[in-house]
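In: what follows is a predicted structure for the sequence shown.
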Amino acid sequence: QVQLVESGGGLVQAGGSLRLSCAASGRTFRRYAMAWFRQAPGEEREFVATISWNGGSTYYADSLKGRFTISRDNAKNTVYLEMNSLKPEDTAVYYCAAARDLIAGNYYRLGSYDYWGQGTQVTVSS
């Protein structure tokens with residue numbers, strides 16, 4: 001079992017930055033691929049970024065490349081999402097997710113992830 005707790009969300013002006021954190025419980029954190037998804041009001045949950053168990057591989061939603069950066073610290077059981085040049089359309093609840101056996105090419109699928117956090121709200125004002 002892995003429990004995930006997100007933090008770092010809040011209200012920020014357009015053009016600003018935020019860093020989200022996701023703290024994971026358990027001694028097996030380093031075995032999991034980790035990801036961030038987000039869900040805006042009235043929209044489906046969508047893929048943001050994923051990182052392999054050792055941080056060696058990362059993938060991003062095409063629309064977010066260059067603005068968002070995912071990273072992890074296995075010693076701290078934590079995964080991060082650095083968000084820069086934020087736009088009002090980035091407003092959403094951001095969720096952390098963990099996958100025990102992530103199949104290559106399926107990293108953007110919600111069903112590929114075994115555990116989810118409760119989410120943290122990010123609001124970007126114009």
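Out: Looks like it came in fine.
In: residue contacts, the closest residue in space to Gln39 that isn't next to it in sequence?
Out: Nearest non-adjacent residue to Gln39, counting by CB to CB, 6 or more residues apart in numbering: Arg45, 4.2 Å away. Bear in mind the C-beta positions are built from the backbone N, C-alpha and C, glycine included. Contacts here follow CB atoms under 8 Å, 6 or more residues apart in numbering; on that basis Arg45 touches Phe37, Arg38, Gln39, Tyr95, Leu110.
In: let's go with 7 Å and repeat that
Out: Phe37, Gln39, Tyr95, Leu110 (CB atoms under 7 Å, 6 or more residues apart in numbering).
In: please pick the buried ones from those.
Out: Buried by 16 or more other CB atoms under 10 Å: Phe37, Tyr95, out of the contacts of Arg45.
In: nearest to Gly10 among the contacts of Arg45?
Out: Tyr95 (15.9 Å; CB to CB).
In: that closest one bridge partners, please.
Out: Beta-bridge pairing of Tyr95 under DSSP bridges involves Phe37.
In: touching, it and Phe37? I think so.
Out: Yes: with contact defined as CB atoms under 7 Å, Tyr95 and Phe37 form a contacting pair (4.8 Å).
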